[in-house]
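1. Coordinates for the following, if possible.
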Amino acid sequence: MFSDALPLAERFAHLLATDGVVRGLIGPREVPRLWERHLVNCALLGLGVPRGATVADVGSGAGLPGLVLAIGRPDLHLTLVEPLLRRTTFLTEAVEHLALANVEVVRDRAEALHGHRSFDVVTSRAVAPLDRLARWCLPLVVPGGRMLAMKGASAADEVARSGAVIHRLGGRRASVVRYGAELAGRVEGAPIIVVEIVVPGAPERA
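-> Numbers count the residues shown, from 1 in each chain. Sure, this is the predicted structure:
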């Protein structure tokens with residue numbers, strides 16, 4: 001899944017299992033299942049990201065999924081948006097440690113970037129309910145771009161409840177997609193459940 005980037009992914013996994021735990025970004029019980037629960041499923045999110053895209057990862061935390069996408073997809077440019085100092089400090093140090101040239105770390109709330117920054121894709125993982133996420137993320141998406149929110153089993157219910165908010169913010173074609181469904185039973189961590197929301201405008205890139 002990580003192909004040539006596997007050694008880099010292993011270094012990131014080690015960083016999460018050590019500094020990530022010490023700094024309270026990853027729970028100690030997560031260490032034995034870092035790959036299937038965190039790295040593999042975050043890497044699968046890349047299936048929804050067009051080649052060469054600019055990506056904002058909102059509420060990046062320990063770099064999940066942002067740093068995983070940057071490692072597995074060097075064609076992407078990642079902006080990790082995170083308001084908490086201890087997390088942005090970890091992210092900045094991780095970017096330097098892994099020598100990732102395709103990542104910038106921004107310490108701010110997503111709302112502070114509205115009207116100033118825009119991206120082809122805006123991602124998130126376990127950050128907030130979908131209606132709140134839409135308010136934070138959709139204003140950052142360029143016309144023809146998309147918002148990708150990693151969710152759980154209640155994703156369809158969230159989409160149904162948030163439809164009016166999504167539509168008011170310019171989002172269309174909100175759908176629940178299972179990435180990596182073909183890997184189920186063969187790859188631990190697959191599939192993942194993602195809410196995809198398209199912002200209409202210029203033609204989407206494949």
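
2. helix, strand or coil for the closest residue to Leu183 other than its chain neighbours?
-> Computed as C-beta to C-beta, 6 or more residues apart in numbering, the closest residue to Leu183 that is not its neighbour in sequence is Ala190, at 3.8 Å. Yep, even glycine has a C-beta here, placed from its N, CA and C like the rest. Assigned state for Ala190: coil (three-state reduction, DSSP: H, G, I helix; E, B strand; the rest coil).

3. Now do the contacts for Ala190.
-> 40-41, 44, 179-181, 183-184 (C-beta atoms under 8 Å, 6 or more residues apart in numbering).

4. Now, of these, which are buried?
-> For the contacts of Ala190, a neighbour count by 16 or more other C-beta atoms under 10 Å gives the buried set as 40-41, 44, 179-180.

5. Could you identify the pair within those residues that is furthest apart?
-> Largest separation among the buried ones among the contacts of Ala190 by C-beta to C-beta: Val40 and Tyr179, giving 11.0 Å.

6. Can you give me the buried ones in the helix or strand in which Thr89 is found?
-> Per DSSP states H and E, Thr89 falls inside helix 85-98. By 16+ other C-beta under 10 Å, the buried positions in helix 85-98 come out as 87-88, 90-91, 94-95, 98.

7. Quick one: list the elements packing against that helix.
-> Packing partners of helix 85-98 (3 or more C-beta pairs under 8 Å, 6 or more residues apart in numbering; DSSP states H and E): helix 6-15, helix 66-72, strand 103-106.

8. Export those as a markdown table, with columns for distance to Arg23.
-> Shown next, in a markdown table, are these (distance: least, C-beta to C-beta, whole Å):
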| stretch | distance to Arg23 |
| --- | --- |
| helix 6-15 | 10 |
| helix 66-72 | 15 |
| strand 103-106 | 15 |
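
9. Out of the ones you listed, which gets nearest to Ala134?
-> Of all the helices and strands packed on helix 85-98, helix 66-72 comes closest under C-beta to C-beta, at 18.9 Å.

10. in the chain, which spans are helices?
-> 6-15, 21-22, 34, 40-44, 66-72, 85-98, 130-137, 155-168 (DSSP state H).

11. and these, which is most packed in?
-> Neighbour counts (mean count of other C-beta atoms under 10 Å) averaged over each of the helices of the chain peak at helix 66-72, with a mean of 27.

12. Tell me the backbone dihedrals of Gly170, please.
-> The phi and psi torsions at Gly170 (degrees, to the nearest 10) take the values phi 100, psi 0.

13. which residues does it contact?
-> Counting by C-beta under 8 Å, 6+ apart, Gly170 has contacts 138, 199-200.

14. switch to 6 Å and redo it
-> Taking C-beta atoms under 6 Å, 6 or more residues apart in numbering, we find Gly170 in contact with Val199.
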